[in-house]
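**Q** No letters, just coordinates:
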């Protein structure tokens, strides 16, 4: 019964690893790393794209590029991304033309025979780690909902392949185009790619270039990041609530501190007297009785009031003098003028004045007053208060604190403005602050939507 | 349960681990053997499968939602875009399941009876909605797939070049369904997309350099 | 941003507190020292610097 042709153990389908083939265009050797799972490979020497599924390795299309681009992460490099080892097997460049301007970016095809394919994309120094997803997001307005997360529409355009190197899992054609739409929920980005035959969705996650440089041991210089990437996490992401709370607490603290100081201020009348000035008293000075000024070195407020002046002035040269020889010199003018001009009455001035002397140490003081006036006789009333509370500093503090919310809004808006500047919706920051809360996600066991 | 017989062509051991399997491909001589109660009928040599780089192989083991399974069979199909595999899984509780593998996307599904009426294959369009077990599924592909060949044990008969019209659908919460029109009424398989890691495989094919 | 807010806010509050506690004012005045005790008896002997201000 035994079949004589039986020789070896169970035959498994052949699985060669790195194969070397000859380019059917120019005979150059081609390295194929995709282990039977790639369908096309580009010949660096002659620009031919070879069909790997064809026995005769026919040429699919030919690439003409004046510039030879060099991938930042060389083909054949291996590195661990999100815990899995991948090898760079392909590199391509795509371009879009928006309002007459060309934008070009790079894509790197990563391969692991157990994990399948992944992509790295690079634009303006920003990197994303991408994988295709079979899940189809649901439409939500002009955005989509995917895995319970809302993604905002960022851009719809048509891209074309401008450069190829290495191998790919489909039959790449030179200049092939596809319509794509990007939706963002930083740090994630959902892309829909439509060709005539199919629609594919992929999910990408923003990845720091440092991570890739160390994973793949890249030697070429790391390009600087320019602008803000569509799905780049805002430095304020998830923190704005706590910052607003902090600002709110500062306002409350200002109110609290002010009210406490207000409540504990003395506002004490320490001296009061009435005086009369007559022109014959000109040049003469008055000294008051000594009064007690107590407590911490707060203010002393001298309030002067005059009996109604009629187009005249009263000038008081005053000095608050302490028993131990300090004098605080100041002069106050009280005046009142009025009249009629072209039938309407006008008035200027007042009948009272308030002078605030700052930080007066406690002690025993008296006032020296030397009045002058344009009126023949003036009755005036002087009251001296110790530690009068003021609202002005509180309002100044509020004004100074108001800069904080303005600053916060300005900074968030500036970042988001940069983010949306290259999208289909520039200048619509206010409607499109994406709902990204990475702090929430850290608590979950398997973070939703994290690309691995 | 497990039945071990000898291949009528070459005498090698052929194992039927699942009671549901009616066909097995002899690993040594590729004879296609159909089980008829007590004896085996050799219906010819199975075509050689194409190398597709899959990390899976027969006798690999894994776990789906806590239930252990063994990979006991495989069908390789070709469609417009390329190849895909349907791996026949045998669970410890003797349940048969399927693991679809295509371009690094994996989906587990089980033959399911549904109450709803299934639309005709010709009527299906991608994007269309189909109700299955009271849930709404959206058609993602409609294909006429060709069977390249098989391996191991399978619960139905297949032959190379056999045409299978199939439609894949996506449903809520990673849901996945396949409508197989190679029979009338069409067979419905329902399950979900899974990440490779979630299946906790062991006994995978060894690949040099990896 | 958070550090800046804390530092700036604390500074504003501190300044406000000191200003209120120490009764700061923007009024201009001149502090003189060494005013003799005898001034109380002889008020005319002390000339305030403001006395020299001419008025209309």
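**A** Arrived safely. Because the structure is a prediction, the values reported are computed rather than measured.
**Q** Can stretch B:7-19 be said to contact chain A?
**A** Yes - with Cβ under 8 Å from any Cβ of the partner chain as the criterion, chain A is reached by stretch B:7-19 at B:8, B:9, B:10, B:11, B:12. Every C-beta, even on glycine, is put in place using the N, C-alpha and C of the backbone.
**Q** Of those, keep whichever come out buried.
**A** By neighbour count, with 16 or more other Cβ atoms under 10 Å in any protein chain shown, these hold B:9, B:10, B:12 as buried.
**Q** quick revisit: which one of the residues of stretch B:7-19 next to chain A is nearest to chain C?
**A** Top of the list for closeness to chain C, among the residues of stretch B:7-19 next to chain A and by Cβ to the nearest Cβ, is residue B:12 at 72.0 Å.
**Q** From residue B:71, how far off is the closest residue to residue B:59 other than its chain neighbours?
**A** Leaving aside its sequence neighbours, residue B:59 sits nearest to residue B:203 (Cβ to Cβ, 6 or more residues apart in numbering or on different chains; 5.8 Å). Here the criterion is Cβ to Cβ, to the nearest Å. By it, residue B:203 lies 8 Å from residue B:71.
**Q** list residues touching both of these two?
**A** Residues within reach of residue B:203 and of residue B:71 at once, by Cβ atoms under 8 Å, 6 or more residues apart in numbering or on different chains, are B:57, B:59, B:60, B:61.
**Q** Out of those, which is nearest to residue A:143?
**A** residue B:60 (40.5 Å; Cβ to Cβ).
**Q** the more surrounded of residue B:203 and residue B:71?
**A** residue B:71 (22 against 14; other Cβ atoms under 10 Å in any protein chain shown).
**Q** in the sheet, who's paired with the more buried one?
**A** Taking DSSP bridges as the rule, residue B:71 bridges to residue B:89.
**Q** thought it was touching residue B:64?
**A** No - if you go by Cβ atoms under 8 Å, residue B:71 and residue B:64 don't touch, sitting 11.5 Å apart.
**Q** joint contacts of the two?
**A** residue B:89.
**Q** near chain C, anything from the helix ranked longest in chain A?
**A** Longest helix of chain A, by residue count under DSSP state H: helix A:392-420. Yes - Helix A:392-420 reaches chain C (Cβ under 8 Å from any Cβ) through A:393, A:394, A:396, A:397, A:400, A:401, A:403, A:404, A:408, A:411.
**Q** Now do that helix: which elements does it pack against?
**A** In terms of contacts (3 or more Cβ pairs under 8 Å, 6 or more residues apart in numbering or on different chains; DSSP states H and E), helix A:392-420 is packed against helix A:240-264, helix C:2-21.
**Q** and with 10 Å instead?
**A** Secondary-structure packing of helix A:392-420 (3 or more Cβ pairs under 10 Å, 6 or more residues apart in numbering or on different chains; DSSP states H and E): strand A:149-168, helix A:240-264, helix C:2-21.
**Q** what comes up buried for the first one?
**A** When you say that, I think you mean strand A:149-168. Buried-residue list, strand A:149-168, by 16+ other Cβ under 10 Å: A:149, A:151-155, A:159, A:161-168.
**Q** That one: what's the following helix or strand?
**A** Using DSSP states H and E, the helix or strand that follows strand A:149-168 towards the C-terminus is strand A:177-185.
**Q** Paired strands for that following strand, with orientation please.
**A** Assessed with DSSP bridges, strand A:177-185 is paired to strand A:149-168 (antiparallel), strand A:188-194 (antiparallel).
**Q** Report the inter-axis angle for it versus helix A:392-420.
**A** Angle, strand A:177-185 to helix A:392-420, by axes from the mean of the first three to the mean of the last three Cα atoms, to 10 degrees: 160 degrees.
**Q** Give me the pLDDT for residue 199.
**A** Let's take chain A. Confidence at residue A:199, expressed as pLDDT, is 82.
**Q** nope, chain B
**A** For residue B:199, the predicted pLDDT is 93.
**Q** Which residue lies closest in space to it, excluding its sequence neighbours?
**A** residue B:62 (4.3 Å).
**Q** so the one you found sits in a helix?
**A** No - counting by DSSP: H, G, I helix; E, B strand; the rest coil, residue B:62 falls outside a helix, being strand.
**Q** re earlier: next, the angle from the longest helix of chain A to helix A:240-264.
**A** Using the same axes, to 10 degrees: helix A:392-420 against helix A:240-264 is 170 degrees.
**Q** quick one: average pLDDT of helix A:392-420?
**A** Rounded mean pLDDT across helix A:392-420 is 92.
**Q** number of nearby residues for the closest residue to chain A within chain C?
**A** As assessed by Cβ to the nearest Cβ, chain A sits closest to residue C:23 within chain C, at 2.6 Å. Close neighbours of residue C:23, defined as other Cβ under 10 Å, add up to 25.
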